[in-house]
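Undergrad: A structural model of the following input is requested.
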Amino acid sequence: MQNLLLRTLERVHWEEVLDQFISKFISLLLLFVLFWIGKKLIHALVHRLLAPSLLFVQSNSARKETLLHLIDNVLNYALYFLLIYWTLSILGLPVSSLLAGAGLAGVVVGLGAQGFLSDMVNGFFILLERQLDVGDYVILPNGSGKLSGTVENVGIRTTQVRDGNGTLYYIPNRQILVVSNQSRGEVSVTLDLPLLPGTDFDLVDQVIAKVNQSQLQPLSQLEGQPKVLGAQWIRSEGFVYRISVPIQQGQDSGVVYPLYRLYQDALKAAGIELASSSSSSAQN
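TA: Predicted structure coming up:
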């Protein structure tokens, strides 16, 4: 066995093997350098040459930024495909024959090509229908819960959303079934202050008006003056006093408690007691 191994090693043309190794190594090195240069050129092409041309597009800055990210994303996918193709070719693998083989095609589909196509199709309709743009504050389904945050990138396969804690989420486009876009139109917080039977509504009006005029300035999350909707009858809660307060995008979770406390303290100071239940919601 040892003699057989020695004879086999003696028959190997080591100089030829070394020449091929060095040749392929240099070819791969040049390929990766060209790939790096190509990525830089694509970024410059998109953001320096295409960006000025989009000034003629009748759309807002968020839409233009979304289109730039998408074009950059598509060109990068094409560049990565070429990198893989030429790497396999340099290594001597019959890429064309492999791609033409039905067996490989079946393996690719089984490994997720169907999901990839679903991502592309759903991403196309998301962009076509302008369901969201870069910079929009959105709420998306996330399993049994919801994910809220600011859109940072919209690609042909995934959408990137950063939440209020700074976490960046990569969401496959096929999983985006419902989009709640809070950047389209005015966002407001609706407060329902439960009232006891026999409450003096005129006095409540006066107290709420005084709070709106003099005590809301410290709240930087507000986007305008509250709209007083007055007393409402809700079967499950009884009488409530409803106030709609316009707020900045994505600020509903941090402004509800301060607002409710301002109104509650003012009403109690005026001798008006609230019922035991209370509710609030955010609406577009």
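Undergrad: CA atoms for contacts and neighbours, from now on please.
TA: Fine.
Undergrad: give me the below-cutoff pLDDT ranges for the stretch 1-150 of the chain.
TA: Counting by pLDDT under 70, the stretch 1-150 of the chain has low-confidence residues at 1-14, 17, 47, 49-66, 94-114.
Undergrad: can you give me the strands for it?
TA: Taking DSSP state E, counting those that start in this stretch, the strands of the stretch 1-150 of the chain run over residues 137-142, 145-154.
Undergrad: check the stretch 151-284 of the chain too.
TA: Using DSSP E, counting those that start in this stretch, strands in the stretch 151-284 of the chain cover 158-162, 168-172, 180-181, 187-194, 227-234, 238-247, 279-283.
Undergrad: kindly reformat the ones you listed as TSV containing mean neighbour count and distance to residue 22.
TA: Converted to TSV, the strands of the stretch 151-284 of the chain look like this (neighbours: other CA atoms under 10 Å; distance: least, CA to CA, whole Å):
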stretch	mean neighbour count	distance to residue 22
strand 158-162	21	39
strand 168-172	16	40
strand 180-181	18	55
strand 187-194	24	63
strand 227-234	15	76
strand 238-247	20	64
strand 279-283	15	65
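Undergrad: for those strands, could you give me CSV that also reports distance to residue 41?
TA: Shown next, in CSV, are the strands of the stretch 151-284 of the chain (distance: least, CA to CA, whole Å):
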stretch, distance to residue 41
strand 158-162, 23
strand 168-172, 25
strand 180-181, 34
strand 187-194, 41
strand 227-234, 52
strand 238-247, 42
strand 279-283, 44
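Undergrad: reformat the ones you listed as JSON lines; add mean pLDDT and distance to residue 86.
TA: Shown next, in JSON lines, are the strands of the stretch 151-284 of the chain (pLDDT from 0 to 100; distance: least, CA to CA, whole Å):
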{"stretch": "strand 158-162", "mean pLDDT": "89", "distance to residue 86": "26"}
{"stretch": "strand 168-172", "mean pLDDT": "90", "distance to residue 86": "28"}
{"stretch": "strand 180-181", "mean pLDDT": "84", "distance to residue 86": "42"}
{"stretch": "strand 187-194", "mean pLDDT": "80", "distance to residue 86": "51"}
{"stretch": "strand 227-234", "mean pLDDT": "80", "distance to residue 86": "64"}
{"stretch": "strand 238-247", "mean pLDDT": "81", "distance to residue 86": "53"}
{"stretch": "strand 279-283", "mean pLDDT": "47", "distance to residue 86": "53"}
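Undergrad: what sits against the residue lying closest to residue 168 once chain neighbours are set aside?
TA: Closest residue to residue 168 apart from its sequence neighbours, by CA to CA, 6 or more residues apart in numbering: residue 162 at 4.3 Å. Residues near residue 162 by CA atoms under 8 Å, 6 or more residues apart in numbering: 149-152, 168-169.
Undergrad: who does residue 162 form a beta bridge with?
TA: residue 150, residue 168 (DSSP bridges).
Undergrad: I'd like to know how far it sits from residue 116.
TA: 23 Å (CA to CA, to the nearest Å).
Undergrad: tell me the helices in the chain, going along the chain?
TA: 2-11, 14-44, 51-53, 61-90, 95-100, 102-108, 114-128, 201-214, 252-269 (DSSP state H).
Undergrad: and residue 226, which of those is closest to it?
TA: Nearest to residue 226 among the helices of the chain is helix 201-214 (6.8 Å), distances taken as CA to CA.
Undergrad: how about the CA coordinates for the closest one, as PDB?
TA: Only the C-alpha atoms of helix 201-214 are listed here, as PDB (Å, rounded to 0.1, in the frame of the first residue of the first chain):
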ATOM      1  CA  PHE A 201     -70.300  68.600  31.300                       C
ATOM      2  CA  ASP A 202     -70.000  72.300  31.100                       C
ATOM      3  CA  LEU A 203     -67.400  72.300  33.900                       C
ATOM      4  CA  VAL A 204     -65.600  69.400  32.200                       C
ATOM      5  CA  ASP A 205     -65.500  71.500  28.900                       C
ATOM      6  CA  GLN A 206     -63.900  74.400  30.800                       C
ATOM      7  CA  VAL A 207     -61.300  72.300  32.500                       C
ATOM      8  CA  ILE A 208     -60.300  70.500  29.300                       C
ATOM      9  CA  ALA A 209     -60.100  73.800  27.400                       C
ATOM     10  CA  LYS A 210     -57.800  75.200  30.100                       C
ATOM     11  CA  VAL A 211     -55.500  72.200  29.900                       C
ATOM     12  CA  ASN A 212     -55.300  72.400  26.100                       C
ATOM     13  CA  GLN A 213     -54.400  76.100  26.200                       C
ATOM     14  CA  SER A 214     -51.800  76.200  29.000                       C
END
